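*Asks:* okay, here's the prediction I keep looking at, along with the sequence it came from:
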Amino acid sequence: MLSDDDVKWLETPQPGWSALRLPHMILEDSFVSGDSSGRRLSLRFFRHDPDRSLRAKVIFGPGTQGPPGHAHGGSMAAVLDDAMGGAAWMQGHPVVAAELTARFKTMLPLGARCVVEAWVSAVDGRKVRVAGRLRQGDGDTVFAEGEALFITLDPKKFGVLTSEASRIFSELDEGTS
Ligand SMILES: CCCCCCCCCCCCCCCC(=O)SCCNC(=O)CCNC(=O)[C@H](O)C(C)(C)COP(=O)(O)OP(=O)(O)OC[C@H]1O[C@@H](n2cnc3c(N)ncnc32)[C@H](O)[C@@H]1OP(=O)(O)O
């Protein structure tokens, strides 16, 4: 469903980005990243090295349709949720979402190449506030913005994921990924 050019675009980091090679156990059944058919959501995650925030490249396939020819708002909110959660995990906060706000600014044409930016905006004890933006990949049009409150879980209950996350990010720091 995706063209070779689309796949190449998805997998190519922009300057200052490092590719996050996420383990199969996270990706295979993920609601957001688990479809490899190209019909629904196609994503690749990156770290924005200068500030260690998260970037993702994403293409909304025909199976994400809401208004004819355009992405469903729930699919955009799900992408923002995942990216904002990922931004918190990337900074060492093992979290789940407690509250999420999405503002839909411009209708998103199916098949468009998009970039998601997500960053931790504040940490207060277990409360981690994260913001995000879903925009055109090669322009300034913003399709949606998000803000969310995530709550840190007991790392003991998520030991495997937490140690896997540390491994992934230390490999990025060593430049081996
Ligand atoms: C390997 C690494 C890869 C990295 C790169 C990967 C990229 C890909 C990763 C994808 C990453 C996941 C992204 C998906 C994120 C989801 O969508 S998670 C799924 C949706 N969320 C859920 O199912 C959560 C359901 N809710 C719960 O489980 C529980 O309510 C919670 C959130 C854990 C909180 O329960 P709790 O631990 O008992 O905490 P509790 O004592 O009630 O509250 C703690 C504090 O938070 C506050 N709070 C709790 N809930 C709320 C609320 N809704 N509103 C306001 N305040 C609240 C409380 O008031 C309290 O505040 P203080 O009194 O301390 O001031």
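*Replies:* Great, that's in hand. Numbers count the residues shown, from 1 in each chain.
*Asks:* okay, now the unreliable bits of this protein?
*Replies:* 175-177 (pLDDT under 70).
*Asks:* nearest the geometric middle of it, what residue?
*Replies:* Ala83 (2.7 Å; CA atoms, centre = their mean).
*Asks:* return the residues of the protein in contact with the ligand.
*Replies:* Within the chain, the positions near the ligand by CB under 6 Å from any ligand atom are 20, 22, 26, 45, 81-82, 85-86, 89-90, 96-99, 125-127, 149, 151, 153, 161, 164-165, 168. Any C-beta I mention is one placed from the backbone N, CA and C, and that applies to glycine too.
*Asks:* swap the cut-off to 8 Å and go again
*Replies:* 20, 22-23, 26, 30, 32-33, 45, 54, 56, 81-90, 95-100, 124-127, 149-151, 153-154, 161, 164-165, 168-169 (CB under 8 Å from any ligand atom).
*Asks:* show the contacting residues for the nearest residue to Gln91 once chain neighbours are set aside.
*Replies:* Sequence neighbours aside, Val120 is the residue nearest to Gln91 in space, at 5.3 Å (criterion: CB to CB, 6 or more residues apart in numbering). Val120 sits next to Ser53, Ala87, Ala88, Gln91, His93, Val128, Arg129, Val130 when contact means CB atoms under 8 Å, 6 or more residues apart in numbering.
*Asks:* cutoff 6 Å now
*Replies:* Ala87, Ala88, Gln91, Val130 (CB atoms under 6 Å, 6 or more residues apart in numbering).
*Asks:* next, work out how far apart it and Ile26 are.
*Replies:* 19 Å (CB to CB, to the nearest Å).
*Asks:* ok so, going back, let's verify the residue nearest to the centre of the chain: helix, strand, or coil?
*Replies:* Of the three states, Ala83 takes helix according to DSSP: H, G, I helix; E, B strand; the rest coil.
*Asks:* go ahead and confirm it touches Gly132.
*Replies:* Yes. In this structure, Ala83 is within contact of Gly132 by CB atoms under 6 Å, at 5.4 Å.
*Asks:* quick check: neighbours shared by those two?
*Replies:* Contacts common to Ala83 and Gly132, judged by CB under 6 Å, 6+ apart, are Ala118.
*Asks:* and the helix or strand that contains Cys114, which strands flank it?
*Replies:* Here Cys114, judged by DSSP states H and E, is contained in strand 113-124. Sheet pairing of strand 113-124 (DSSP bridges) gives strand 53-60 (antiparallel), strand 127-136 (antiparallel).
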